[in-house]
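Q: Please work out how this folds:
(2 chains)
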Amino acid sequence: MVAAVKIQGITKHFGAFEALRGIDLTIEPGEFFALLGPNGAGKSTLINLLSGLIKPTSGQISIMGHDVQTSYQQARMALGVVPQELVFDPFFNVREMMRFQAGYFGCGPENDAWVDEVIEGLGLTDKAHTNMRQLSGGMKRRALIAQALAHKPPVIVLDEPTAGVDVELRQMLWGFIQKLNQQGHTIILTTHYLEEAETLCERIAMMKSGKIVALDTTQQLLRSHAAKQLILRLEGTVPAHLHTFIKHQKEDLVIFNLSEIAQVETILSALRQAQVTVKDMQLQEVDLEDVFLNLVGSHGGQA
Amino acid sequence: MKSLLTWLNPFYWLDSHISSRRRGVYTLFKKEMLRFWRVAFQTIASPIMTALLYLLIFSHVLESHVKVYDQVSYTAFLVPGLMMMSLLQNAFANSSSSLIQSKVMGNIIFLMLTPLTYMEFFVAFLAASMIRGLVVGFSIYLVALCFVDVPTVHPWWIITFALLGSALLGTFGVIAGIWADKFDQMAAFQNFVIMPLTFLSGVFYSIHSLPPFWQAVSQLNPFFYMIDGFRYGFFGQGDVSPWLSVSVVGVFLLALAWGCLKMLKSGYKLRS
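A: Here you go, the predicted structure:
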C-alpha cells in the first residue's frame, strides 16, 4: 500500500539557521497521527514543506505516492491543510469560499453535496451565507477547517486547530475529525494540548530542534518513557537507600518515580521498617506531558 | 423558475459546463471578477466619475484655448486619453490590490495550497484585470457620448490598444502585487511609477505641443504609445504611426509577461 505521507531525509535551512535536520517519517493511510514539539521545533516548517509552501534544502516528500515537487498537482490534490493562522477572504461568505476552494481543485457543482455535509458537520449551516468578516473567532476557525476539506482530500493536516478555541467547540471539532478518520481519511495534527494527542492519536512523533526525538504508538511512548508515580505524605525521615526513587520532595510530600508497579511494595516495606508513617497515599499514571517534558526537556518551551 | 438575472449571469452557464481540467483557472478568474464586482461603486463607478470630472473641468477651461488636431474639438481629443488612462489604472489596480490584500491578510495561502499552475494563476489574474480595465474604459466612452461627439475611425486599432494596454497594466499589477510586502510599497509603486508614466504620456495634450527635449523624453515612455495608438483609432491621426505604437507596446508587454511568469514560476516572495 502507498504511504499517505513519506518523508525522506528532509532538511531545511533558512540562511544559517537549520530548521529541520534530517527528518524521516512514514505515515500510513487511515492513521491519526500527532506531531508534537515545543515552539520552534520545526513542526510548522515540516507542514509547510508537505503543502509545498516552502521548498526543502534536501530530501523528498510524497503525498499518496506523489512527490510534492515533481508531481505537485497530484500531491496537492491529495492534501487538505488547515493553516495555523486565522486567515480569511473578507469579500465572500462561507459557502462561496468553500465552493471557490473546491473549484481550484477542479471540483464543480457535483461536489456541492459534500460542501453541504462539511458545513453541517462543522455546525456552520446557520452561517453559510454570512460574510467571513462577520464571523466570530470560533466560527472563523470552523470555516478554515471547512475550506481545507472542500475538495475531500484523503490526507488532512491540521496545524494547531484548537489553539484559542473553547472546550465545546474543541469537542465538536474532534468529533467531526474522528468521523472523517473513521471514513478512511488520514489525519495529521500538531497541537499544544497533549491530552488531545493522547486520546485521539494512534501514533506520535515528538520533535525538538528540527529533529524527531521520539516516534512510536501513543501507548508505547507512555509505557517506555515512564510508568507511575507514587505520591506520599510522610511523618519521619525517608531511609537513604530510597533516595534514588525520589523525584521531588517538599516538607512532608514525597514523590517517587516507579518503573514498575512492584516497586510500591519495596518502598512501603522500607518505610515501615524505618518506622515512617504514611499519612496519605496516591498512585498516579504518567501522562503524555511527562513523557514530553522528559524527552524535549523542561526548558524546551511550553507544551 | 430561474430569474432573468440568473440567465443573464455569464457564470451561470459556465459553472456547469466548464471542464474539470479548466475549472481551477476558471474559478480563480470568477473569484477575481466577483471581488471587484461586489464593490462596483468603488471599482467601476468611482473611476468613471473621476474621468468625467476631468473631462468637464479640462474641456470647460481649455476648449477655446487648445486645438490639437484639425476638426477635432479639445473635449473630443480628451476622451480617448481619459478612457485609456482609466483603463490602465484600473487594470493595474485590480491585480495589484487583490494580491497585496491577500498577502497582507494571509489568505493567499488558500491559493498556494491548490494545484493551480503558475500559468493558470497568471491567466486568471490577468483576465479579470483586463475586464475591469475595459469595463471602466468603455463606460467612460458611453457616458462621454452624452456630452461630445467622438468618432471611431479605426475600431480595430481601438480594440487592439485597449486589449494590449489592459494586458500590460494587468501584468504590471501582478508583478507589483507579488513584489510589494506592504500597502505603503504598493502606494509608492502606484504614485511614483504608474501615475507619472500615465500623466506624462499625452493624456491631456499632444506631445507636439512640448519642447523638443520633453518630446524625446515622452517617446521613451511606453504609456505614450498606448495612448497615442488608442487615440489614432478614434481620430485617424496621432503623434506617431500606430504600427510603431503597436510594436513598442507589444514588445513591452511580452517582456513584462515573461518577467512576471518567471517570477511566478520561481515562487518569488510566494514560496521560499
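Q: Please, which helix or strand holds the residue in the stretch 51-200 of chain A positioned nearest to chain B?
A: Closest residue of the stretch 51-200 of chain A to chain B, Cβ to the nearest Cβ: residue A:103 (3.0 Å). The C-beta positions use only the backbone N, C-alpha and C, and glycine is treated the same way. Using DSSP states H and E, residue A:103 sits in helix A:94-104.
Q: tell me how far that helix is from the chain's mean position?
A: 27 Å (Cα atoms, centre = their mean, to the nearest Å).
Q: Downstream of that helix, the next helix or strand is which one?
A: helix A:112-121.
Q: between that next one and helix A:94-104, what angle do the directions make?
A: 140 degrees (axes from the mean of the first three to the mean of the last three Cα atoms, to 10 degrees).
Q: pLDDT on helix A:112-121, on average?
A: Per-residue pLDDT over helix A:112-121 has a mean of 94.
Q: same question, stretch B:253-268
A: pLDDT averaged over stretch B:253-268 gives 96.
Q: now whichever residue of the stretch 151-272 of chain B sits closest to chain A: how far from residue A:95?
A: Nearest to chain A in the stretch 151-272 of chain B, going by Cβ to the nearest Cβ, is residue B:272, at a distance of 5.0 Å. Noted for residue B:272: a distance of 33 Å to residue A:95, by Cβ to Cβ, to the nearest Å.
Q: Residue A:122 too?
A: 12 Å.
Q: How many residues are close by the residue in chain B positioned nearest to chain A?
A: Here chain B gets closest to chain A at one residue, residue B:27, 3.0 Å apart by Cβ to the nearest Cβ. Around residue B:27 there are 26 other residues, counting by other Cβ atoms under 10 Å in any protein chain shown.
Q: Looking at residue B:272 and residue A:95, which is more packed in?
A: Counted by other Cβ under 10 Å, residue B:272 and residue A:95 do not tie: residue A:95 has more neighbours, with 20 against 11.
Q: you'd agree that one is up against residue A:127?
A: No - the criterion here is Cβ atoms under 8 Å, and residue A:95 misses it with residue A:127 at 9.2 Å.
Q: got any ranges where the chain has weak pLDDT?
A: In the absence of a named chain, this looks at chain A. A:225-227, A:297-303 (pLDDT under 70).
Q: Hmm, no, I was thinking of chain B.
A: B:1-2, B:5.
Q: residues from it in reach of chain A?
A: For chain B, the residues in contact with chain A (Cβ under 8 Å from any Cβ of the partner chain) are B:15-16, B:18, B:20-21, B:23-24, B:26-28, B:30-31, B:34-35, B:38-39, B:102, B:105-107, B:109-117, B:267, B:271-272.
Q: Show me which of those residues are buried.
A: B:15, B:18, B:23-24, B:26-28, B:30-31, B:34-35, B:102, B:107, B:109-116, B:267 (16 or more other Cβ atoms under 10 Å in any protein chain shown).
Q: I'd guess residue A:157 is in a strand, am I close?
A: Yes - according to DSSP: H, G, I helix; E, B strand; the rest coil, residue A:157 belongs to a strand.
Q: What is the neighbour count of it?
A: Neighbours of residue A:157 (other Cβ under 10 Å): 26.
Q: all helices of the stretch 1-150 of chain A, in order?
A: Ranges of helices in the stretch 1-150 of chain A, per DSSP state H, counting those that start in this stretch, are A:43-50, A:72-77, A:94-104, A:112-121, A:137-149.
Q: Good, wrapping up.
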